[in-house]
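for reference, the sequence and a predicted model appear below.
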Amino acid sequence: MVAGLTDVPAFGGSGHPCAGMSLGLKVLVLCAAMSACEAEESGGGQRGAVSESDQGGPLGAGAVESDARKEPRRYRLSDQPLLQIGSAAGDGEVAFHGITGAVRLPSGHIVVANSGAWELKFFDPHGGFLAVAGRYGDGPGDFRSLSRIGALREDRVAAVDRLVGRVSVFSSDGVLERTYNVSQVLGGVGRGTEWYGFLANGTLVGVETVAGRGTEARYGDYPTSALVYKVPIVQPVLIDSLGQAVPFARTMPGDETLSEMRMSSEDGMMRVGGVRTVMPFLNSAAVAVRGSSVAVGHTSASPITLYSAQGRPRAFFALEMESLEDPEGKRRAWIDDRTSGFGDRGVRRIWRARYEEFMSATPASLPAFKSLLLQEGGNVWVEVFDPSADANTPSRWIVQDPFNVGDFEDAIVELPPGFRPYDIGSDYVLGEWRDELGVEFVQMYGLIEVASDR
């Protein structure tokens, strides 16, 4: 049985929100420069970029800058990390448990969100331990859910607690300077809001679920036993240090989710529970925040738009890619692996039929890309989606100047297996690396610009 609710606008060229192009990248091409409203809806026309100085306001018409193209910048990482912080023993001042972010401040100090211990750890430019701030709790500077952190002006760092609905601002050596609440604009302590980071002026950037809109499809006998697929509609928002929320950009599909819902009887009471399925082929909103810029896109291949700190569109480009539908039967292989955990043959057959029904109702194409990051200076890093990737596979990133988009072949950076970047500067990449035992380390590589082969 399939039950459908409100439709979501398609981003990938078909009527389903998870429609998209996939691996097999050909080239990144710049979309047309036009009015801001048109820029977020369309990608046709001549090449160009919206010049912020010529926009005449958030919804003003954009001017087309020069179509002349410079050679795209090419980068590679240093052969070895310039810096590594961590403890193989898993204890002490340099041990980490659940890293959710890391930033390098203008002074060179490094701040790590160690969410498993609800704390921030501060290090000097050479990796020496300086201080720890925060603990589990509701008091000033405490955290109940430490998620995103970001570098602010004047060598400060901000951290947001989604559960409490509060932002805490610290100095570069871990001293709490101020806190402010954002829960008054969240509809109830962060509920329905996903945060992506901070601009240098302290503005918090996120997406907020739009109530009453989205798609839901159910496969099976809901709520007794069913596979439930959902796509919300989300609105990108800016929230300043006074707690004022300003929507920017257009609404778009949020993260697709797939859950196995079951009804059970316990102590004479009927209970309905769900288990979220981590499926690699689902699409999601993609937002990157750094300095004075925000990049917004969707992994189903919508245009990627660069916004200013005031929410004005500055430039936009689209991913032009060859469609690769279900390479090597990856989707079917995933079903085999997912349903193999059901011990009862009859139950396994029922859930397999539900997953296959879901697959048949969705396009067989894969996400166009995996995630976005912004580099110091404004380059957009686009992570290539690789359906065959595992823990031993390097990640590949296409580096693009949104005002001077070039061929992607000249702009791919490969990052080491197990390394996840959080902060990309003009000459460094800072991130998390896990060894074969899952021990967490913070590493910083040098980012070296290399001459084009052309």
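Thanks, I have it. Numbering: from 1, shown residues only.

which residues does Leu242 contact?
Tyr180 (C-beta atoms under 8 Å, 6 or more residues apart in numbering). (C-beta placed from N, C-alpha, C; glycine too.)

surely it forms part of a helix?
No. Per DSSP: H, G, I helix; E, B strand; the rest coil, Leu242 lies outside any helix segment and is coil.

quick one: name whatever helix or strand follows the lowest-mean-pLDDT helix or strand in the chain.
Least confident helix or strand of the chain, by mean pLDDT, DSSP states H and E, is helix 36-41 with a mean of 38. Toward the C-terminus, helix 36-41 is succeeded by strand 74-77 as the next helix or strand (DSSP states H and E).

return that following strand as CSV; C-alpha atoms alone will do.
Written as CSV, here are the backbone C-alpha positions of strand 74-77 (Å, rounded to 0.1, in the frame of the first residue of the first chain):
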residue,chain,number,x,y,z
ARG,A,74,44.5,23.3,-9.0
TYR,A,75,45.6,22.0,-5.6
ARG,A,76,47.1,19.0,-4.0
LEU,A,77,47.7,18.1,-0.3
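
which residues of the stretch 101-250 of the chain score low on pLDDT?
183-191 (pLDDT under 70).

for it, which segments are assigned as strands?
110-114, 119-123, 129-133, 146-152, 156-161, 166-170, 176-181, 193-198, 204-221, 225-239, 245-247 (DSSP state E, counting those that start in this stretch).

quick one, which of these is nearest to Ile412?
Of all the strands of the stretch 101-250 of the chain, strand 193-198 sits nearest to Ile412, with 23.9 Å by C-beta to C-beta.

and the closest one, C-alpha only, in PDB?
The C-alpha coordinates for strand 193-198 follow below in PDB (Å, rounded to 0.1, in the frame of the first residue of the first chain):
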ATOM      1  CA  THR A 193      15.800  23.100  12.400                       C
ATOM      2  CA  GLU A 194      19.200  21.800  11.000                       C
ATOM      3  CA  TRP A 195      22.200  24.100  11.600                       C
ATOM      4  CA  TYR A 196      25.100  24.200   9.200                       C
ATOM      5  CA  GLY A 197      27.400  26.800  10.700                       C
ATOM      6  CA  PHE A 198      28.300  30.400  11.500                       C
END
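
can you list the neighbours in contact with that strand?
Contacts for strand 193-198 (C-beta under 8 Å, 6+ apart): 147-152, 158, 160, 162, 186-187, 204-209, 234, 237, 254-255, 285, 287-290.

sorry, back to before: mind giving me a markdown table with the strands of the stretch 101-250 of the chain and columns for mean neighbour count and distance to Ser371?
What follows is the strands of the stretch 101-250 of the chain, written out as a markdown table (neighbours: other C-beta atoms under 10 Å; distance: least, C-beta to C-beta, whole Å):
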| stretch | mean neighbour count | distance to Ser371 |
| --- | --- | --- |
| strand 110-114 | 26 | 17 |
| strand 119-123 | 23 | 23 |
| strand 129-133 | 16 | 28 |
| strand 146-152 | 23 | 14 |
| strand 156-161 | 26 | 19 |
| strand 166-170 | 22 | 23 |
| strand 176-181 | 15 | 28 |
| strand 193-198 | 23 | 11 |
| strand 204-221 | 19 | 14 |
| strand 225-239 | 22 | 16 |
| strand 245-247 | 15 | 23 |
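
mind putting these in TSV, distance to Ala88 included?
As requested, those are exported to TSV (distance: least, C-beta to C-beta, whole Å):
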stretch	distance to Ala88
strand 110-114	16
strand 119-123	17
strand 129-133	16
strand 146-152	24
strand 156-161	27
strand 166-170	28
strand 176-181	31
strand 193-198	30
strand 204-221	35
strand 225-239	40
strand 245-247	44
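
closest to Glu356 out of these?
Comparing these by C-beta to C-beta, strand 204-221 comes nearest, at 9.2 Å.

give me the beta-bridge partners of the nearest residue to Pro402 once chain neighbours are set aside?
Nearest residue to Pro402, sequence neighbours excluded (C-beta to C-beta, 6 or more residues apart in numbering): Ala315, at 3.9 Å. With DSSP bridges applied, Ala315 shows beta-bridge pairing to Leu306.

use 51 as the first number from now on
Got it, first residue is 51 now, which makes that one Ala365.

wouldn't Ala365 be in contact with Gln450 here?
No. With contact defined as C-beta atoms under 8 Å, Ala365 does not count as touching Gln450 (9.9 Å).

tell me the strands beside the helix or strand hosting Ser309, with direction?
Under the criterion of DSSP H and E, Ser309 resides in strand 307-316. The partner list of strand 307-316 in its sheet, established with DSSP bridges, is strand 275-289 (antiparallel), strand 319-327 (antiparallel).

can I get the longest one as CSV, trimmed to CA atoms?
Yep, that's strand 275-289 we're talking about. Provided in CSV are the C-alpha atoms of strand 275-289 (Å, rounded to 0.1, in the frame of the first residue of the first chain):
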residue,chain,number,x,y,z
SER,A,275,4.5,-2.7,9.9
ALA,A,276,5.7,-0.4,7.0
LEU,A,277,8.6,1.2,5.3
VAL,A,278,8.1,5.0,5.5
TYR,A,279,9.8,7.4,3.1
LYS,A,280,9.7,11.2,3.9
VAL,A,281,11.0,14.4,2.3
PRO,A,282,10.3,17.6,4.1
ILE,A,283,10.3,21.1,2.5
VAL,A,284,12.9,23.4,4.2
GLN,A,285,13.5,27.1,4.2
PRO,A,286,17.1,28.4,4.5
VAL,A,287,17.3,30.9,7.3
LEU,A,288,19.8,33.4,8.8
ILE,A,289,19.6,34.0,12.6
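
roughly how far is it from the heart of the chain?
15 Å (C-alpha atoms, centre = their mean, to the nearest Å).

show me where the stretch 351-500 of the chain has its strands.
For the stretch 351-500 of the chain, the strands defined by DSSP E, counting those that start in this stretch occupy 354-358, 363-371, 419-424, 430-434, 445-450, 462-465, 469-474, 478-484, 490-500.

in TSV, list these along with mean neighbour count.
Shown next, in TSV, are those (neighbours: other C-beta atoms under 10 Å):
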stretch	mean neighbour count
strand 354-358	24
strand 363-371	24
strand 419-424	22
strand 430-434	23
strand 445-450	22
strand 462-465	16
strand 469-474	20
strand 478-484	21
strand 490-500	18
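
would you turn these into CSV with distance to Val161 and mean pLDDT?
Shown next, in CSV, are the strands of the stretch 351-500 of the chain (distance: least, C-beta to C-beta, whole Å; pLDDT from 0 to 100):
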stretch, distance to Val161, mean pLDDT
strand 354-358, 25, 96
strand 363-371, 28, 82
strand 419-424, 17, 95
strand 430-434, 21, 94
strand 445-450, 23, 93
strand 462-465, 21, 94
strand 469-474, 10, 97
strand 478-484, 10, 97
strand 490-500, 10, 96
